[in-house]
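> dropping the sequence and predicted coords here.
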Amino acid sequence: MSATGSTTGDTTADTTATPPPRRGRGGRERVLAAAARLFAAQGINATGMEQIAEEAPVSKRTLYAHFRTKNDLVIAHLRGLVLSGATLEGVLTREDISPRERIRKLFDPPVTDADPSVTDADPSAAGAAPVRGCPFIDAAAEFPDPASAVHSYAREQKLRMVQLIAALVTELGCREPLALAEQLATLADGAASRAMVLDDADYGRHARAAADVLLDHALAEAG
């Protein structure tokens with residue numbers, strides 16, 4: 001009887017015991033957040049995998065379990081930016097503002113937070129951190145081979161940007177939407193690059209004025 005009672009007690013203890021926490025939980029998210037901070041602060045090529053592991057912090061084994069190569073990590077980082085909407089192109093898919101305002105917002109002060117989980121820029125904090133340019137242009141510049149995986153992904157996003165703008169100007173009734181979209185995309189990319197070089201978060205105001213001229217002219221032609 002006592003042996004049976006002891007066994008029953010042990011069984012009850014086993015079934016109610018709290019399982020130990022899983023090691024490495026959230027490791028992938030921590031790696032991506034660390035990579036975003038470091039890539040923004042010092043560039044992709046200047047950031048090593050070991051430094052990312054220390055910043056996360058995770059073991060190198062955990063890091064490479066999620067990302068076999070640095071290229072894999074960089075592309076995952078860029079994809080995270082796309083999903084977060086925290087890119088130049090993110091505003092183009094908003095549905096709470098008109099097509100023209102979506103285009104004009106391409107020239108707003110850029111998001112300065114390096115963490116892709118943060119999607120809302122605080123205009124009052126625009127000068128709190130150095131201005132960063134378009135992450136896709138930056139990535140393509142650091143991986144100059146057009147055939148490389150990172151450069152190819154960056155190119156896909158810049159082509160997607162033109163298609164999104166073309167859809168908006170078509171909705172506005174403009175003629176030759178692809179040509180106009182290329183002009184507007186060139187203004188947006190150029191403004192983002194100059195804002196970074198000059199560390200002027202509001203530099204886009206110049207390009208916005210030019211974009212308004214282009215849009216007004218295209219709409220007048222459409223009649």
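Cool, the structure landed. Numbers count the residues shown, from 1 in each chain.

> tell me which element the one residue sitting closest to the centre of the chain is part of?
The centroid of the chain falls nearest to residue 81 when counting by CA atoms, centre = their mean (1.8 Å). Assigned by DSSP states H and E, residue 81 falls within helix 70-84.

> after the longest helix seen in the chain, next one along is what?
Ordering each helix of the chain by length in residues (DSSP state H) puts helix 149-172 first. Downstream of helix 149-172, the first helix or strand assigned by DSSP H and E is helix 177-198.

> angle of the helix holding residue 81 against helix 149-172?
Put simply, helix 70-84 runs at 20 degrees to helix 149-172, going by axes from the mean of the first three to the mean of the last three CA atoms, to 10 degrees.

> buried ones in helix 70-84?
By 16 or more other CB atoms under 10 Å, the buried positions in helix 70-84 come out as 70, 73-75, 77-78, 80-82, 84. All C-beta atoms are positioned from the backbone trio N, CA, C, and that covers glycine.

> reformat those residues as CSV; add pLDDT.
Output for the buried residues of helix 70-84, formatted as CSV (pLDDT from 0 to 100):
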residue, pLDDT
70, 96
73, 98
74, 98
75, 98
77, 97
78, 97
80, 95
81, 94
82, 93
84, 90
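
> of those, which is the nearest to residue 173?
residue 82 (28.5 Å; CB to CB).

> can you count the residues close to the nearest residue to that closest one once chain neighbours are set aside?
Spatial nearest neighbour of residue 82, excluding adjacent residues (CB to CB, 6 or more residues apart in numbering): residue 157 at 6.6 Å. Neighbourhood size, residue 157 [other CB atoms under 10 Å]: 21.

> next: residue 41.
Residue 41 is flanked by 13 other residues according to other CB under 10 Å.

> next, the buried residues of whichever strand or helix holds it.
Following DSSP H and E, one finds residue 41 within helix 27-42. Neighbour-count burial for helix 27-42 flags 27-28, 30-40 (criterion: 16+ other CB under 10 Å).

> quick revisit: quick one: the longest helix of the chain to helix 177-198, angle?
Using the same axes, to 10 degrees: helix 149-172 against helix 177-198 is 120 degrees.

> about what we covered before: relative to residue 206, which of the buried residues of helix 70-84 is nearest.
Of the buried residues of helix 70-84, the one sitting nearest to residue 206 (CB to CB) turns out to be residue 81, at 24.9 Å.

> pretty sure the closest one sits against residue 135.
Yes. Residue 81 is within contact range of residue 135, at 5.7 Å (criterion: CB atoms under 8 Å).

> shared neighbours, the two?
Applying CB atoms under 8 Å, 6 or more residues apart in numbering, one finds that residue 81 and residue 135 are jointly contacted by residue 87.

> residue 218: helix or strand, and which one exactly?
Residue 218 is part of helix 204-222, with elements assigned from DSSP H and E.

> hey, C-alpha coordinates of that helix in CSV?
Below are the C-alpha coordinates for helix 204-222, written out as CSV (Å, rounded to 0.1, in the frame of the first residue of the first chain):
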residue,chain,number,x,y,z
GLY,A,204,12.6,65.9,-48.9
ARG,A,205,10.6,69.1,-49.0
HIS,A,206,12.6,70.1,-52.1
ALA,A,207,11.7,66.9,-53.9
ARG,A,208,8.1,67.2,-52.7
ALA,A,209,7.8,70.6,-54.4
ALA,A,210,9.1,69.1,-57.7
ALA,A,211,6.8,66.1,-57.4
ASP,A,212,3.8,68.5,-57.0
VAL,A,213,4.8,70.2,-60.3
LEU,A,214,5.1,66.8,-62.1
LEU,A,215,1.7,65.7,-60.8
ASP,A,216,-0.1,69.0,-61.6
HIS,A,217,1.3,68.9,-65.1
ALA,A,218,0.3,65.3,-65.6
LEU,A,219,-3.2,65.9,-64.3
ALA,A,220,-3.6,69.0,-66.5
GLU,A,221,-2.6,67.0,-69.6
ALA,A,222,-5.1,64.3,-68.6
